[in-house]
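Chemist: Quick check, what structure comes out for this input:
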Amino acid sequence: MASLFKWGRKEETPAVKAVSVSASDAVSPSKVLPRVLAALKHIPSPVLLDLGPVIGSNVSFFGDELACKIKVEDLFAEVEAHTRQGTRAQLPQALPARLRHAPESIDGILCWDLFDYLDKPSAQALAVHLVSLLKPGGVLYGFFGASAVDLTHYTRFIVENPSTFRLRLAPATPTKRYVLVVRDLNRLFEGLLTSESVLLKSSVRETLFRKRA
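Modeler: Modelled structure (predicted):
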């Protein structure tokens, strides 16, 4: 179920609860988020698709910075539900089906670290669909872990300012991380160009892709 936010007027599905910020959240720098903002600021009223949960402060931040329309589709909840039910084999169909948006209708996509929790068929199916949703010149922003470990939590990326996140952990059913190196990312997001890629001290790659205009 999607939530839609228009800056100046907010429409939210009543059942959706926003993630709050705690003083105990870890702080992490961002090298790439400023480039995401710069890529979208020249677009009048851009459409932003957020694949994570509703985070009220993020909605406010991107609204203030971009005067954008934000569509929130919590695909992490979809992944968690299928993992608990033992139906992850359905994810290659279920994830694209959640994103019922017209082709080339989205200016920017916030993936966060979603692809870490997907297997190869699910990642391929979702990536193809996301590329099709982006307008020419649109951008896709994501984090990709470099170590094949069992993931036991989800990370909520709470934007504190254009160069800083607060990271909040949420429980997850253990899942082996799907590691994507640079050449894998280029193949996965065929049709997009890597605009910026930074390997953080945490061994997570912060990446910005852009669709050819």
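Chemist: helices or strands up against the helix or strand encompassing Leu95?
Modeler: Leu95 belongs to helix 91-98 when assigned by DSSP states H and E. The elements that helix 91-98 packs onto, with contact taken as 3 or more Cβ pairs under 8 Å, 6 or more residues apart in numbering; DSSP states H and E, are helix 75-85, helix 120-133. For every residue, glycine as well, the C-beta is placed using N, CA and C.
Chemist: What helices and strands are in contact with the longest one?
Modeler: When you say that, I think you mean helix 120-133. helix 91-98, strand 106-112, helix 182-188.
Chemist: Give me the contact list for the first one.
Modeler: In other words, helix 91-98. 73, 75, 78-79, 82, 118-119, 121-122, 124-126, 128-129 (Cβ atoms under 8 Å, 6 or more residues apart in numbering).
Chemist: now the helix holding Leu95, how far from the chain's geometric center?
Modeler: Computed by Cα atoms, centre = their mean, to the nearest Å, the chain-centroid distance of helix 91-98 equals 15 Å.
Chemist: what pLDDT, on average, does it get?
Modeler: Mean per-residue pLDDT for helix 91-98: 98.
Chemist: try stretch 162-174
Modeler: 96.
Chemist: buried stuff in that stretch?
Modeler: 165-166, 168, 172-173 (16 or more other Cβ atoms under 10 Å).
Chemist: got any ranges where this protein has weak pLDDT?
Modeler: 1-2, 5-24 (pLDDT under 70).
Chemist: thinking again about what came up before, deepest of the helices and strands packed on helix 120-133, which one?
Modeler: strand 106-112 (a mean of 23; mean count of other Cβ atoms under 10 Å).
Chemist: centre of the chain versus that one, how much separation?
Modeler: Counting by Cα atoms, centre = their mean, strand 106-112 comes out at 6 Å from the chain centroid.
Chemist: which strands and helices sit next to that strand?
Modeler: Using 3+ Cβ pairs under 8 Å, 6+ apart, strand 106-112 is in contact with helix 33-41, strand 47-50, helix 120-133, strand 134-145.
Chemist: Just send those back as TSV, with distance to Gly86 and mean neighbour count too.
Modeler: Putting these into TSV (distance: least, Cβ to Cβ, whole Å; neighbours: other Cβ atoms under 10 Å) gives the following:
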stretch	distance to Gly86	mean neighbour count
helix 33-41	36	18
strand 47-50	28	23
helix 120-133	15	19
strand 134-145	24	21
